[in-house]
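Student: Using only what follows, build the 3D model:
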Amino acid sequence: MLMLILFLMLDALNDRGEAHLVKLIKSFISGKCHPAMPSLVEARTDKTLRVSQSNTALGKRRPSVFGANLYNQQLALSSDSEDMDT
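Tutor: Numbering: from 1, shown residues only. You can find the predicted model right below:
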């Protein structure tokens, strides 16, 4: 199966899911969504998202927690690559 994915140059399902979740989080932040959705994420002044704490493993996989962590990681990676360009 892995060989087929590599041969067809497809992204793994997990990678596509994570990319979609980050895209949703970005739409929540920009307000290009249903009016109730921006309340699911809380932006900080440094452009990162506040991650709510959870005591359970299932709670850590909530889209609001997992998505905020993914968004913050991508933001850190993009800022690191911008620092290398200068």
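Student: Every contact and neighbour count from this point should use C-alpha atoms.
Tutor: Fine.
Student: Pull out the buried residues from the longest helix along the chain.
Tutor: What stands out as the longest helix in the chain, according to DSSP state H, is helix 63-85. Within helix 63-85, the residues that qualify as buried by neighbour count (16 or more other C-alpha atoms under 10 Å) are 63-72.
Student: likewise stretch 15-28?
Tutor: Judged by neighbour count (16+ other C-alpha under 10 Å), stretch 15-28 contains these buried residues: 19, 21-22, 24-26, 28.
Student: Take these and keep only those in helices.
Tutor: Assignment to helices by DSSP H places the following of the buried residues of stretch 15-28 there: 19, 21-22, 24-26, 28.
Student: Could you export those as CSV, including pLDDT and distance to L10?
Tutor: What follows is these, written out as CSV (pLDDT from 0 to 100; distance: C-alpha to C-alpha, whole Å):
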residue, pLDDT, distance to L10
A19, 85, 14
L21, 83, 18
V22, 82, 19
L24, 83, 21
I25, 81, 23
K26, 83, 24
F28, 79, 27
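Student: Any idea how far the helix-or-strand element of the chain with minimal mean pLDDT is from the middle of the chain?
Tutor: The helix or strand of the chain with the poorest confidence is helix 2-7; it has a mean of 73 (mean pLDDT, DSSP states H and E). On the basis of C-alpha atoms, centre = their mean, to the nearest Å, helix 2-7 is displaced by 25 Å from the centre of the chain it belongs to.
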